[in-house]
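> Next one to model:
(one chain, ligands or ions: 1)
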Amino acid sequence: MFRDAVRNFFIKEVKPHAERWNEQGIVDREAFLKAGEQGLLLTWADEKYGGAGIKDFRYEQVIIEENARNGDAGFFLTLHSRLVGPYIGELGTEEQKARWLPKCVSGEHILAVAITEPGAGSDVAGLRARAEDKGDHYLLNGSKTYISNGILADLVIVVARTDPNSSHGLSLFVVERGMEGFERGRNLKKMGLKSQDTAELFFNNVKVPKENLLGEFNRGFYHLMHFLAEERLLGAVGYHAWSEKAFDITMEFINERKAFGQTIAAFQNTRFKMADMRTELDVAQAYIDHCVIVHNEGKLSAADAAKAKLYTSELEGRVMDACVQLHGGAGYMDEYPISRMYANARISRIFAGSSEIMREIIARSIGLDPRKKD
Ligand SMILES: Cc1cc2nc3c(=O)[nH]c(=O)nc-3n(C[C@H](O)[C@H](O)[C@H](O)COP(=O)(O)OP(=O)(O)OC[C@H]3O[C@@H](n4cnc5c(N)ncnc54)[C@H](O)[C@@H]3O)c2cc1C
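Prediction:
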């Protein structure tokens with residue numbers, strides 16, 4: 001029943017607007033409000049904040065899968081709900097939760113998290129943005145880039161250095177729309193995810209009230225690490241869901257298109273390619289579902305989440321490439337969805353921790369850690 005409701009939402013409120021959103025480079029704010037009305041944002045939030053109090057990850061899994069099937073890749077409602085929202089839900093004080101969560105649940109406030117800077121992405125320890133304790137407030141300076149929901153966001157969780165003497169001396173601050181000195185730069189033009197507002201953010205002497213510190217002072221690095229496993233599992237579910245969609249639309253195409261007097265599907269090469277993809281997708285689904293169960297028990301390790309992200313994002317790249325190939329020239333044309341999906345998929349191996357960083361995490365988990373000599 002939940003899946004049906006979610007599917008109807010995407011078919012009615014997202015699909016008809018997707019083309020326009022991709023052209024305008026941003027989704028309509030109303031889409032978040034509509035999702036809020038349907039109870040699809042921050043489903044985990046307690047009822048007293050307007051949520052459904054559903055912690056079970058499978059509900060978000062359904063939302064991600066249905067967005068892939070009938071929605072739009074650039075509509076980052078899951079980033080809002082389950083990637084950024086939990087920072088407030090888990091680290092926030094009662095006062096902070098009461099202040100911010102209800103409007104996040106309703107979609108009136110859109111969320112973003114700003115970690116990456118022009119000079120530091122994978123290497124979080126190299127962040128330069130800094131916040132100084134000025135007694136009754138923190139003074140925030142720095143710039144961020146490639147921030148998803150960056151234009152739409154009303155609340156941005158900004159990671160800044162608060163201990164200049166420690167590479168891990170970071171803290172998290174909630175910067176609100178309208179705070180003096182908080183400015184947005186360009187909505188960046190990208191290879192794919194055209195409807196997603198990925199932006200630059202600038203913080204010039206922003207006076208952040210003390211009550212907007214999220215979590216513990218100087219513990220920001222560890223807070224970030226805490227949320228990474230779930231973030232990577234969210235990614236894995238999405239990369240897999242988009243691969244499934246690519247598989248399905250390719251299946252339709254190869255059964256209709258003909259060459260040399262037969263359908264493309266009838267060539268042995270096509271059948272073998274589809275068989276390989278079906279096998280890999282099924283195997284990946286089993287691993288994702290395993291991770292979801294383990295995560296629901298609160299036991300998903302960083303390494304297992306990294307394996308899920310690494311495998312599914314690399315698989316997505318292979319699937320998209322093979323599906324474009326099977327479409328022939330049509331696969332290169334924007335009027336065929338596979339063309340856009342191919343471009344969208346390229347980022348999966350880079351953001352939320354690149355494939356190389358995933359391999360580092362996995363290698364360390366099996367004892368291959370160059371930092372530990374003997
Ligand atoms: C569309 C989009 C949306 C994004 N959304 C957000 C967001 O909402 N919030 C946010 O904070 N950030 C966001 N990002 C930023 C994203 O997380 C970073 O781009 C990513 O972490 C990589 O960092 P980087 O771009 O600085 O690349 P770099 O870290 O400079 O990496 C360049 C290359 O070097 C490799 N490399 C780096 N370190 C190592 C190593 N130790 N070993 C081997 N290879 C290594 C990388 O894998 C990569 O191939 C987004 C990016 C994009 C493109």
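
> From the contact counts, what lies against the lengthiest helix in the chain?
Longest among the helix segments of the chain by residue count, using DSSP state H, is helix 220-256. Helices and strands in packing contact with helix 220-256 are listed as helix 57-70, helix 85-91, strand 155-161, strand 170-176, strand 262-263, helix 268-296, helix 302-327, helix 337-345; criterion 3 or more CB pairs under 8 Å, 6 or more residues apart in numbering; DSSP states H and E. Any C-beta I mention is one placed from the backbone N, CA and C, and that applies to glycine too.

> Mean neighbour count for those - can I get that in a markdown table?
What follows is the helices and strands packed on helix 220-256, written out as a markdown table (neighbours: other CB atoms under 10 Å):
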| stretch | mean neighbour count |
| --- | --- |
| helix 57-70 | 21 |
| helix 85-91 | 21 |
| strand 155-161 | 25 |
| strand 170-176 | 24 |
| strand 262-263 | 12 |
| helix 268-296 | 15 |
| helix 302-327 | 22 |
| helix 337-345 | 21 |
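
> Nearest to the ligand, out of those?
strand 155-161 (7.6 Å; CB to the nearest ligand atom).

> How about the backbone phi and psi for the residue in the chain that the ligand sits nearest to?
Closest to the ligand within the chain is residue 121: 1.8 Å, counting by CB to the nearest ligand atom. Taking degrees, to the nearest 10, you get phi -120, psi -80 for the backbone angles of residue 121.

> residues in contact with the nearest residue to it once chain neighbours are set aside?
Spatial nearest neighbour of residue 121, excluding adjacent residues (CB to CB, 6 or more residues apart in numbering): residue 146 at 7.6 Å. Residues in contact with residue 146, defined by CB atoms under 8 Å, 6 or more residues apart in numbering, are 116, 121, 188, 198, 351.

> Determine the three-state secondary structure at residue 146.
Recorded secondary structure, residue 146: strand (DSSP: H, G, I helix; E, B strand; the rest coil).

> Same check on residue 54?
Residue 54 ends up coil, using three-state DSSP.

> And the strands in the stretch 1-150 of the chain?
111-114, 130-133, 137-147 (DSSP state E, counting those that start in this stretch).

> Among those, which comes closest to residue 75?
strand 111-114 (13.8 Å; CB to CB).

> Neighbouring strands of that closest one in the sheet, and parallel or not?
strand 155-161 (parallel) (DSSP bridges).

> among the strands of the stretch 1-150 of the chain, which is the most enclosed?
Ranked by mean neighbour count, the strands of the stretch 1-150 of the chain are led by strand 111-114 with a mean of 26 (mean count of other CB atoms under 10 Å).

> Contacts for it, please.
With contact meaning CB under 8 Å, 6+ apart, strand 111-114 is reached by 79-80, 83-85, 87-88, 104, 144, 147-150, 152-159, 201.

> try 7 Å this time
80, 83-85, 87, 104, 144, 147-150, 153, 155-159, 201 (CB atoms under 7 Å, 6 or more residues apart in numbering).

> same deal with stretch 315-329?
239, 242-243, 246-247, 250, 253-254, 264, 270, 273, 277, 280, 284, 331-332, 336, 338, 341-342, 345, 348-349.

> how about the residues of the chain that lie near the ligand?
112-116, 121-123, 146-148, 190, 193, 198, 347, 350-351, 354, 356-357, 360 (CB under 6 Å from any ligand atom).

> Make a ChimeraX selection of whichever of those residues turn out to be buried.
A single ChimeraX command selects the buried members of the residues of the chain next to the ligand (16 or more other CB atoms under 10 Å):
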select :112,113,114,115,116,121,146,147,148,190,193,198,347,351,354,357,360
